[in-house]
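The following block contains a protein sequence and its predicted model.
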Amino acid sequence: MNTSVEIQPPSLEESVGSAIRQLRLRDGLTIAQVSELAGISRGMLSKIETGSTMAGMDTLARIARSLGVSMSMLFSQYDASAASAQHVKNGAGMEVVRRGTKSGHTYHLLAYDQGPIKLFEPFLITIEDDTERYPSFQHPGIEFIYMLKGVIEYRCGQQTYVLEPGDSLSFQGDIPHGPENLVQWPIQFLSVIIYPRSND
């Protein structure tokens, strides 16, 4: 009797960990050397390499710098295994640390750039309390927001907009923007930042 075995593609954690290990070994570096350069413990780097844990974007950026590669190189195996599409299951977006995180924002990155040039970043942002004043943001490119849950007053420049589920807002990212008042929480919205293309 023939039994077919479905081969599961590597998880994001396994792909990133494997890429880090291969890049480290390529340069003849030890875990101790890379962990010291990246400013993390040897135990943490070992866990990242084995895919048993996923580091935040800041930690991955420091690891990439210590290996002398762009951050996109760490995701190269995952991108390749996904062929021309990248499927992120519900709840599987990478939780990352960005400005506002300590103020009650939770950011889940829903897609990871393919290639050395960052074209866009889609985030699922959740705000669960109103204990602190929220920061103002500025960045290159255009941002698109789509409200999923709750009600928020969102400031963009001198204007404030009341956003309810189903509402959207688009604006230039270099205009100061951010939550002004949480009217009804928990609040959840999709934020997509589209970065300008190089003229080169």
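Yep, it's here. Numbering: from 1, shown residues only.

what's the longest helix seen in the chain in contact with?
Using DSSP state H to define each element, the chain has its longest helix at helix 12-26. Contacts with helix 12-26, where a contact means Cβ atoms under 8 Å, 6 or more residues apart in numbering, come from 10, 30-31, 34, 45, 48-54, 60, 63, 67, 69, 73-78, 81, 92, 94, 112. (Glycine included, C-beta is placed from N, CA and C.)

Show me what counts as buried in that helix.
By neighbour count, with 16 or more other Cβ atoms under 10 Å as the criterion, the buried positions of helix 12-26 are 12-21, 23-24.

Determine the number of other residues adjacent to Tyr161.
15 (other Cβ atoms under 10 Å).

ok so, going back, which one of the buried residues of helix 12-26 sits closest to Ile125?
Nearest to Ile125, judged by Cβ to Cβ, of the buried residues of helix 12-26 is Leu12 at 19.7 Å.

centre of the chain versus the top strand by length along the chain, how much separation?
In the chain, ranked by residue count with DSSP state E as the criterion, the top strand is strand 177-194. Chain-centre distance of strand 177-194: 17 Å, with Cα atoms, centre = their mean, to the nearest Å.

Show me how the chain divides into domains.
The record's domain split for the chain, according to automatic domain parsing, is 12-81, 94-194.

chain center to the shortest one: distance?
In terms of Cα atoms, centre = their mean, the gap separating the centre of domain 12-81 from the centre of its chain is 16 Å.

quick revisit: what's the average pLDDT for the longest strand of the chain?
Taken as a whole, strand 177-194 carries a mean pLDDT of 92.
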